[in-house]
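**Q** The following block contains a protein sequence and its predicted model.
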Number of protein chains: 2
Amino acid sequence: MNSREIVLASRPLGLPSTGNFRTESKILDKPGNNEVLLKAWYFSVDPYMRGRMSNVKSYAPSFEVDKPIKGGVVARVIESRSKLFAEGDCVIGILPWATYCIEKAENLRKVDTQMFPPGYHLGILGMPGLTAYFGIMEIGKPKPGETVVISGAAGAVGIVAGQIAKLQGAYVAGIAGTDEKCKLLTDEYRFDVALNYKTSKALRKDIAASCLNGVDVYFDNVGGEVTDAVVANLNNHSRFVLCGQISQYNNTRIAMSPAMLPVFLTRSVMLQGFIVGNYSTRFDEARVQLTEWVSKGQLKYTETIIHGFDKLPETFISLFSGKNQGKMLVKTE
Amino acid sequence: MNSREIVLASRPLGLPSTGNFRTESKILDKPGNNEVLLKAWYFSVDPYMRGRMSNVKSYAPSFEVDKPIKGGVVARVIESRSKLFAEGDCVIGILPWATYCIEKAENLRKVDTQMFPPGYHLGILGMPGLTAYFGIMEIGKPKPGETVVISGAAGAVGIVAGQIAKLQGAYVAGIAGTDEKCKLLTDEYRFDVALNYKTSKALRKDIAASCLNGVDVYFDNVGGEVTDAVVANLNNHSRFVLCGQISQYNNTRIAMSPAMLPVFLTRSVMLQGFIVGNYSTRFDEARVQLTEWVSKGQLKYTETIIHGFDKLPETFISLFSGKNQGKMLVKTE
C-alpha cells in the first residue's frame, strides 16, 4: 500500500512556512495483530500543534524532524486485524499526516458518522468542544448574570465556549479580528456583544463600555495585548480561564508585557492554565452533554473544510493569520 | 484628653518619605454611648498600607490626605461606655496612628495578653499569621514531599507560611535578601534551604539546584525578578499563592515583565490572588489552629519592636528596604 505523508522538514523559527514541511512517499506493510489499516478522511489543524514543532519541553512531546506531523484525524478502517474494529468503521485518533497509516487498535475510538458529520468529532464533540466545556464549566463557572469575555471568540474553542457560557445564563462578549466574525458571533452564536480588536482604538475602554458590570470570567485563547486590555477590566474574584495564547506561539523570544500580578493580587483573581487532557477521565460525561446540546440545536457550530491532503501545511499556517471561522479541517480529497 | 496623631500629608510618589506624613495634636472629646477611649500600645506596619496611600481604587479604600493613617493596633481601654469592654481591657482593631483615640466598641475585639505578648495578635495570631495560614492551607495545599518556595520568606507572613508548609510535610525553600535572614530561616524556622536573591548570580538556576523536584507551590510576597525566576521552575499542576508584590508597590508606572501566561498555560498552573479578608468567616477556626501550633512550639515567631510613636513613618518606610525580620511593630513608648 502506497501512502503519502507530511513530515516536519525543519523546526520553524517564528511563523511556520510551507518550507518547514515535506511530503514523502511511503510503502506500508500489512497491519499486524491488533492493528488496523486506515485511510485518512478528515484532519484537524490546531494551534497547539505549533508548540510540538519547537523543541521546547512542554506538555506534549516535540515532533521529530523528518518524522510525520501528528494530530487529530478521522479515518476509515480499510483492513482490520483487531476485534475492536471492522472494515468500514469510522475511527478517530492522534494519527500521522498521511493518506494511509497502520495503527494499534487500542489507540483508536469508533465514531458515529450517521448522527453528526465526521468533522464534528474533531470539533464540537472533540478536543475543541471538550476544551470549551471544561474551561467554562469547571474553571470559569459563570453564574447567571455574570459577564464572560472570550478572546479568539470566533475560533473552534471560542464559539463553543461562548455558547456554553450563554447556556449558563451569562452575559457574553466575544473578541475577534474581523467585522465579519463579530457579526457571526452576535447573529449566529447568540453572543451579546462582539468587539473587533483590530479596529478598536482603545480596546480596554471598549470592553469597559460593552461590559458595564466588569468582567467576571475571562476565557483566553489569544494572550498579548488583547489579554492586557481584558485584565484591566477584571472584577474582584474573577476567574481567568487560560486556554490558549495563539498570539505568542510564534514568538522567537519571551515577550514582555505589563505585569499582571498586581492586578491579580488586588482583585483576588483566580487563574487556571489547563489543557483538555487534564480532564480525560471525564470526557464521556462531557460528550454526552455536548451531544445533547448540539442535538437540541442549543449549540451551533461552524466548520471550515479545506479540500486536499497537500493543503495541510498551508491550512495549519493560516490558523495564525486569524482567517478561519470556527473549526478548521482538511479533507483528504 | 490630648492626643497626637500622624496624618497623610501628601500621597507618596514612589518610595514614601517621612515628608509624606505629619504629626498633629488633637483634643479628644469624651467617648459617646457604646464607645471607648483607647490608649494605643502596639502599632502594626504592613506593606499593604502602601496601597492605601495611593488614590488608585483597590480592595481597601485610599487614606485621605490630612486624615490619620489607619492600621492594625493593640490598645488599652482607659474609659468605656460600652458593655463589651471594661477599663484595662486590651483590644485590637483597625485604628488611627494616634496616641489616644475614641472608637466604637463594635469595631474592636478583646485580646488575651497573658498567654501571648500583645504584639502576637498583630502578627502570628493576627493578619500576617492568618494570611499565611489560608494561603498555604486553602490555596497552596502542599502535599507531603512537595516543594514549596516562599519569597519574602523572612517577613511577617513568609516565616509563618514556611513553617506551616513544613508542618504539612513539604520541602520548603525560602528566598530572602540577606545572608543573616537566610541563616535565620534554616536555623530557626526549619526551612530546608534558603537563597539570598541579592547575591545569587543566577537565581533561576539556583532555585532549580535547590529544588531538585521543581516547584509545586509558590507563595509570593515579592513579585518582580524573584518571581520571574521561580515561575521558570514551576511544575505541572503547581499552585501560585499570590499574596504580595512588595517589590512593585512603589512603582510609579506599570512594570514590564516577561510574559508568564505561556508558562501558566503549558504547565496547568493555578494562581489565586487573595487578601486575608476573603476568609474572614473562618478567622476563628484559623486562630484556634495557629494558637495550638504556637503553644506547642511548632510555630516559631520573631518580632522587631521599634520604640516611640514618632517612629511610625520611618518604620513603615523601612519595610521596603528589606531590613526587617519577621513582624515589624512600633510600641508607643
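**A** Thanks, I have the structure now.

**Q** Just the helices from chain A, written as ranges.
**A** A:49-53, A:127-134, A:156-167, A:179-187, A:203-210, A:224-231, A:261-266, A:283-295, A:312-318 (DSSP state H).

**Q** residues touching A:Gly158, list them.
**A** Applying Cβ atoms under 8 Å, 6 or more residues apart in numbering or on different chains, we find A:Gly158 in contact with A:132, A:150-152, A:174, A:176, A:219, A:221. (C-beta placed from N, C-alpha, C; glycine too.)

**Q** Name the nearest of these relative to chain B.
**A** A:Asn221 (10.2 Å; Cβ to the nearest Cβ).

**Q** Surely A:Tyr133 and A:Val160 touch.
**A** Yes: in this structure, A:Tyr133 is within contact of A:Val160 by Cβ atoms under 8 Å, at 7.4 Å.

**Q** Tell me which of these two has more neighbours.
**A** Taking neighbours as other Cβ atoms under 10 Å in any protein chain shown, A:Tyr133 and A:Val160 compare with A:Val160 leading, 31 against 26.

**Q** Grab the nearest non-local neighbour of that one.
**A** The shortest distance from A:Val160 to any residue other than its chain neighbours is 3.7 Å, reached at A:Ala132 (Cβ to Cβ, 6 or more residues apart in numbering or on different chains).

**Q** Hmm, that neighbour is touching A:Ile164, no?
**A** Yes: A:Ala132 lies in contact with A:Ile164 (Cβ under 8 Å); the separation is 5.9 Å.

**Q** can you pull the pLDDT of the residue in the stretch 1-150 of chain A positioned nearest to chain B?
**A** With Cβ to the nearest Cβ, the shortest gap between the stretch 1-150 of chain A and chain B falls at A:Ser58, namely 4.7 Å. A:Ser58 is assigned 77 on the pLDDT scale.

**Q** Over to the one 3 residues further on?
**A** The model reports A:Pro61 with a pLDDT of 87.

**Q** can you pull the contacts of it?
**A** A:Pro61 neighbours (Cβ under 8 Å, 6+ apart): A:Arg52.

**Q** again, 10 Å this time
**A** A:52, A:55 (Cβ atoms under 10 Å, 6 or more residues apart in numbering or on different chains).

**Q** and if you look at A:Ile317?
**A** A:12, A:15-18, A:20-21, A:45, A:50, A:250.

**Q** try it again with 6 Å
**A** A:Pro16 (Cβ atoms under 6 Å, 6 or more residues apart in numbering or on different chains).

**Q** Please apply the same query to A:Pro47.
**A** Applying Cβ under 6 Å, 6+ apart to A:Pro47 gives the contacts A:246, A:319.

**Q** Equivalent analysis for A:Lys300, please.
**A** So A:Lys300 contacts A:Tyr189 (Cβ under 6 Å, 6+ apart).

**Q** any idea how far it lies from A:Val217?
**A** Distance of A:Lys300 to A:Val217, given as Cβ to Cβ, to the nearest Å: 21 Å.

**Q** pLDDT value on the nearest residue to A:Ser62 once chain neighbours are set aside, please?
**A** Among residues not flanking A:Ser62 along the chain, A:Asn55 sits closest, at 4.9 Å (Cβ to Cβ, 6+ apart). A:Asn55 carries a pLDDT value of 87.

**Q** How much space separates A:Asn55 from A:Val65?
**A** Taken as Cβ to Cβ, the span from A:Asn55 to A:Val65 is 9 Å.

**Q** ok, back up a step: include distance to B:Ile69 when you put the helices of chain A into JSON lines, please.
**A** JSON lines is the format used below for these (distance: least, Cβ to Cβ, whole Å):
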{"stretch": "helix A:49-53", "distance to B:Ile69": "50"}
{"stretch": "helix A:127-134", "distance to B:Ile69": "46"}
{"stretch": "helix A:156-167", "distance to B:Ile69": "43"}
{"stretch": "helix A:179-187", "distance to B:Ile69": "49"}
{"stretch": "helix A:203-210", "distance to B:Ile69": "32"}
{"stretch": "helix A:224-231", "distance to B:Ile69": "30"}
{"stretch": "helix A:261-266", "distance to B:Ile69": "19"}
{"stretch": "helix A:283-295", "distance to B:Ile69": "52"}
{"stretch": "helix A:312-318", "distance to B:Ile69": "58"}
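
**Q** right, and these - which one's nearest B:Glu292?
**A** Closest approach to B:Glu292 among these (Cβ to Cβ): helix A:261-266, 29.4 Å.

**Q** What are the contacting residues of the closest one?
**A** Outside helix A:261-266, the residues that touch it by Cβ under 6 Å, 6+ apart are A:231, B:58-59, B:223, B:242, B:245, B:248, B:273.

**Q** Return the subset of the residues you listed lying in strands.
**A** Of the contacts of helix A:261-266, the ones assigned to strands by DSSP state E are B:242, B:273.

**Q** Most neighbours among the contacts of helix A:261-266, please name it.
**A** Of all the contacts of helix A:261-266, the highest neighbour tally under other Cβ under 10 Å goes to B:Gly273, namely 30 neighbours.

**Q** For that one, which residues are in contact?
**A** Neighbouring residues of B:Gly273 by Cβ under 6 Å, 6+ apart: A:264-265, A:268-269, B:242.
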